[in-house]
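Colleague: Here is the input, now give the coordinates:
(2 chains)
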Amino acid sequence: MTPMKKTEYRSIGETLYSGELENGLKIFVIPKKGFNSFYAVFGTHYGGSMRRFEINGETIDTPAGVAHFLEHKMFDMPDGSNALNSLSESGADANAFTSTDMTCYHFSCTERFEENLRKLLTFVSTPYYTEETVQKEQGIIGQEIQMGDDSPGRQIYYDLLSLLYEHHPIRDAVVGTKESIAEITAKTLYDCHSVFYAPSNMVLCVEGDVEPERIAAIAEEILPKDKKSIPHADFGESEALVPAEKRKEREMPVAMPEFLIGGKLKSEAVGMAPKDSATLIRERLIAGMALRLLAGASSSFFTRLYADGTLTRDFDYEADFTAGTGTTIIGGQSPDPERVMTELLAEAKLIAEKGFDKAYFSRIRKAMIGGRLRGLEDFDGICVSLIGDWFDGYCTFDTLDILPDIRKEECEAWIAENITEEKLAMAVIRPVREA
Amino acid sequence: MKQTRTEIMPGVNLNHIQTDKFKIAVMSISLLTQLNRETAAMNALIPYVLRRGTAHYGDMEKISNRLDELYYSTLDPIVRRIGEIQCVGLLASYPEDDYLPEGETVAKDAIGLMCEMLINPLTRGGLLMRSYVESERDKLADTIRSRINEKGSYAVSRCIEEMCCFEDFSVGRYGSAEDCESIRYKKLTQQYHKLLETSPVEIFYCGNDSCKRIAGMLKDALCTMPRGEIDYEIGTDVRMNAVEDEPRIYTETLDVTQGRLVIGFRLGECMEDPDKASLSMFNTIFGAGVTSKLFTNVREKMQLCYYASSFADSHKGLLIASAGIDFDKYDLAKDEILHQLDEIRNGNITDDEMETARKGICSDLSSMQDSQGTMESYTIGNVLDGWNVTPEEYIELVKAVTKEDVIAIAQSTVCDMIYFLRGEEKGEAPEDEEGEPNLESTEDESE
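Modeller: Model (predicted):
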């Protein structure tokens, strides 16, 4: 039986069990006494950006949208049944999603947890595709693509990424295009499943009132026994640290202009060597804290621009790390996006010269310490973070101890380096002008 | 988990759930008032203006700094429409003592700040700050207009607006952008005082502190809250039948690539004595989730769309079905949605459909206690309906629902409005007439 290692995180009152099966599957379990819900996520390190890879020494190029298409078709079972229906029949609420670098299948339930877990592990490890079912799905996904075409949030996101990245595949929509998904065949799906859905490339995460060893035993029983080598996706040549282009605008039926400002961060995509987990964690915490100091709800930048009508409550910011990239994204609605950019750069310059106020910095640190608790009640969120961060090379909960020793100077240096005219690009969607 | 409801001040009720399950405590204060066109935008604006500055923390930066100091406590405006009752107020959350550095506690300060924000805003000459009112007014008007950004929810809200055009329900939770723009700070101050004095108030708390302690803190913090004659005469006018003999048809044109079909029904006579358990069974079988008739037929079998789903509003008595489709699939999709409802009316429901729906609903109800947010909306919704049923009791009711109960709901529904949002390119028009390409259009095509 696979032993599960127990780690207690007292500051957040959680215990994490982790282990690895002989076939290479990583397992995380967070026992939750007193909760009725069970939640399980089974994720593979395979997403929309992983289009070029090697199989038996041969390089394969796949059309945009395969990972997402595969997600849709995983639910079909060889006996003609559908795993989504079968999970619903045993009281589970199941779904799946695909991002740029992972695909996750998940369910929540309050009863028959083991039965549902078995179903989850079984269907995700059972590829079954026919030309007929592939063709049928092209219609449904075609509608999903069109839905995205009408969504300003989605359009502006990809507008920004394609300004920043010259060729890295994160610039293309995870769902693909109607043309690209037309190239997908049953064989494409079988190939990709065999490469990326090996247990060694996957993580299972369970939260609820469960026995960790029992989870490991069930996974061991159902999943393939052999350990395959971990596939390597090729994202192409490394990119420059500055944006490929600086500005893009389009018109859509929206009420007020929307904007996204972004920049590339030092990462593998811009030619940096892979980093150890402590360095990765530190870098990400600094990025998150620096952005909060610069543009968070209590920053003088945000409160000033909110009060004068330039920003609204939906203003947001993040440092996003995926598929070997690191990207700063700052955006929202504004009657005057150019002014947001100007003010942001001016604020960053001021910080670079004068630094943050000490009292302000320590208040933000307090807020970040309190912030560690937020999201922990969200089963779905915490399991998905554990999986995503593990694929990136570290354990989410290991960030807790590092947070209190992030220094003011590190955040100031981060702002000075990344929030500059040269590094940032901006995408804007303006309301359709009256004819 | 123990839930109690106590009147702590005149017309102020505390709905208290004590549990040590969570690391964050959640509290909401909702002021209840009748939804109508004259006051909706003003009422909606009030919590946003209050959030701008209190007597002690005079601007947003000071409030945010204070919240940071309280280990990332949060305090946000809430504006809801439950049936034709408008609920406006504040939602707070703060870390429980157990998870703070030794000896620290923020509960009293966080609750104190929330209450201060409600009853003691920054004023000048006794009036709400003009600059705050005008700035938030413009932002709220923009928010109302921004509903057009997401086409799926826009289409649903437009369908309801047109369908209920003779009812207060069409006003929407924020009121209209035009009404919002006409708000002046003096008038808003009057409305604020009236709301504070006359609204029934519902407070929700879910966390580790006892009812006695929370009630004590609230009573201290709200002791200067002015209370007059409480207006309990609030409620929802439920219309049982369609406005016309035939469903009204409304088409709107926008620059979109995908069409959005929304069909609005009245739940009908079953609303005389609404049976929530049967209603949720009916809606789950019809259009909620992946085993529903809409998903399995309109999406999976006919591949007409990515989404096809329905929801039932048991407060107002509406059933809304929607799907995102190609423009030229209008007739096919509309006919199929109506056909699937007929299937239920005719009793074509399998035992599997019944049991899957039942399990799904029971599982949702059972997991509700794991989420403070869900408990909050469930509690406030039930209070407004005067429906005192715990999730456990609700589960028992769902277990007892029969196929006949579900059929009866389906037979009670009446189609009232078929709304279609389509693109500008020439395609096959669903009807002879088309709506004005004007976004502000409120014309009813069938008239």
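Colleague: How is the closest residue to A:Ile60 other than its chain neighbours assigned, secondary-structure-wise?
Modeller: Using C-beta to C-beta, 6 or more residues apart in numbering or on different chains and skipping the chain neighbours, the partner closest in space to A:Ile60 is A:Phe53 (6.0 Å). Any C-beta I mention is one placed from the backbone N, CA and C, and that applies to glycine too. Reduced to three states with DSSP: H, G, I helix; E, B strand; the rest coil, the structure at A:Phe53 is strand.
Colleague: Bridged to A:Phe53, which residues?
Modeller: For A:Phe53, the beta-bridge partners are A:Ile60, A:Ala233 (DSSP bridges).
Colleague: That one: how many residues sit nearby?
Modeller: By other C-beta atoms under 10 Å in any protein chain shown, 19 other residues sit near A:Phe53.
Colleague: cool, and B:Arg184?
Modeller: B:Arg184: 12 neighbours (other C-beta under 10 Å).
Colleague: List the contacts of the residue nearest to A:Ile60.
Modeller: By C-beta atoms under 8 Å, 6 or more residues apart in numbering or on different chains, the contact set of A:Phe53 is A:Thr59, A:Ile60, A:Val195, A:Phe196, A:Pro231, A:His232, A:Ala233, A:Asp234.
Colleague: Quickly note the distance from it to A:His45.
Modeller: According to C-beta to C-beta, to the nearest Å, A:Phe53 and A:His45 sit 11 Å apart.
Colleague: Find residues that contact each of these two.
Modeller: Common contacts of A:Phe53 and A:His45 (C-beta under 8 Å, 6+ apart): A:Phe196.
Colleague: Break chain B into its domains for me.
Modeller: Domain assignment for chain B, taken from automatic domain parsing, gives B:2-221, B:248-422.
Colleague: As JSON lines, those domains with mean pLDDT and distance to chain A would be great.
Modeller: Below are these laid out as JSON lines (pLDDT from 0 to 100; distance: least, C-beta to the nearest C-beta, whole Å):
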{"stretch": "domain B:2-221", "mean pLDDT": "97", "distance to chain A": "3"}
{"stretch": "domain B:248-422", "mean pLDDT": "96", "distance to chain A": "4"}
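Colleague: Just to be sure, B:Asp209 is in a helix?
Modeller: No - counting by three-state DSSP, B:Asp209 is not found in a helix; it is coil.
Colleague: Phi and psi next, for A:Arg284.
Modeller: Phi and psi for A:Arg284, reported as degrees, to the nearest 10, are phi -70, psi -40.
Colleague: Could you tell me how many residues sit around it?
Modeller: A:Arg284, neighbours per other C-beta under 10 Å, totals 20.
Colleague: A:Thr122 now?
Modeller: Neighbours around A:Thr122, by other C-beta under 10 Å: 14.
Colleague: Off-centre distance for the helix or strand encompassing it?
Modeller: Assessed by DSSP states H and E, A:Thr122 sits inside helix A:113-124. Helix A:113-124 has its C-alpha centroid displaced from the chain centroid by 24 Å (C-alpha atoms, centre = their mean, to the nearest Å).
Colleague: Contacts for it, please.
Modeller: Helix A:113-124 is contacted from outside by A:38, A:40, A:42, A:44, A:74-75, A:77, A:83, A:86-87, A:90-92, A:94, A:105-107, A:109, A:197, A:204, A:206, A:208, A:210, A:214-215, A:218-219, A:222-223, using C-beta under 8 Å, 6+ apart.
Colleague: List the contacts of the closest residue to B:Ala221 other than its chain neighbours.
Modeller: Taking C-beta to C-beta, 6+ apart, and ignoring the residues beside it in sequence, B:Ala221 has B:Cys115 as its nearest neighbour in space, at 3.5 Å. By C-beta under 8 Å, 6+ apart, the contact set of B:Cys115 is B:Ile29, B:Leu218, B:Ala221, B:Leu222, B:Met225.
Colleague: Is B:Cys115 in a helix, a strand, or coil?
Modeller: Here B:Cys115 is recorded as helix under three-state DSSP.
Colleague: where's it relative to B:Met375, distance?
Modeller: As judged by C-beta to C-beta, B:Cys115 and B:Met375 stand 21 Å apart.
Colleague: Can you tell me which of the contacts of A:Phe53 lies closest to chain B?
Modeller: Nearest to chain B, judged by C-beta to the nearest C-beta, of those is A:Phe196 at 24.0 Å.
Colleague: Contact partners for the nearest residue to that closest one once chain neighbours are set aside?
Modeller: Nearest non-adjacent residue to A:Phe196, counting by C-beta to C-beta, 6+ apart: A:Tyr46, 3.5 Å away. By C-beta under 8 Å, 6+ apart, A:Tyr46 lies in contact with A:Ala67, A:Asp101, A:Met102, A:Thr103, A:Cys192, A:Phe196, A:Tyr197, A:Asn201, A:Pro231, A:Ala233.
Colleague: Equivalent analysis for B:Leu261, please.
Modeller: B:Leu261 neighbours (C-beta under 8 Å, 6+ apart): B:Ala155, B:Ser322, B:Ala323, B:Gly324, B:Ile325, B:Tyr330, B:Ala333, B:Lys334, B:Ile337, B:Ile418, B:Tyr419, B:Phe420.
Colleague: Could you confirm it falls within a strand?
Modeller: Yes - applying three-state DSSP, one finds B:Leu261 inside a strand.
Colleague: That one pairs with what?
Modeller: B:Leu261 has these beta-bridge partners by DSSP bridges: B:Ala323, B:Phe420.
Colleague: and if you look at the one 5 residues further on?
Modeller: Under the criterion DSSP bridges, B:Arg266 forms beta bridges with B:Leu318, B:Val414.
Colleague: Mind checking which of the contacts of B:Cys115 are in strands?
Modeller: B:Ile29 (DSSP state E).
Colleague: between the contacts of B:Cys115, which has the most around it?
Modeller: Going by other C-beta under 10 Å, B:Ile29 tops those with 26 neighbours.
Colleague: so which helix or strand takes in the nearest residue to it once chain neighbours are set aside?
Modeller: Closest residue to B:Ile29 apart from its sequence neighbours, by C-beta to C-beta, 6+ apart: B:Gly89 at 4.4 Å. If you go by DSSP H and E, B:Gly89 is part of strand B:85-95.
Colleague: so who does residue 142 touch?
Modeller: The chain I'm using is chain A. A:Lys178, A:Ile181.
Colleague: you looked at the wrong chain, it should be chain B
Modeller: Counted by C-beta under 8 Å, 6+ apart, B:Asp142 has contacts A:Ala255, A:Met256, A:Thr312, A:Gln333.
Colleague: if we can go back for a sec, got JSON lines for the domains of chain B, with distance to A:Ser300 too?
Modeller: Below are the domains of chain B laid out as JSON lines (distance: least, C-beta to C-beta, whole Å):
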{"stretch": "domain B:2-221", "distance to A:Ser300": "7"}
{"stretch": "domain B:248-422", "distance to A:Ser300": "31"}
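Colleague: Just the buried residues of the host helix or strand of A:Met426, please?
Modeller: Using DSSP H and E, A:Met426 sits in strand A:424-431. Applying a neighbour-count criterion of 16 or more other C-beta atoms under 10 Å in any protein chain shown, one finds A:Leu424, A:Ala425, A:Met426, A:Ala427, A:Val428, A:Ile429, A:Pro431 buried in strand A:424-431.
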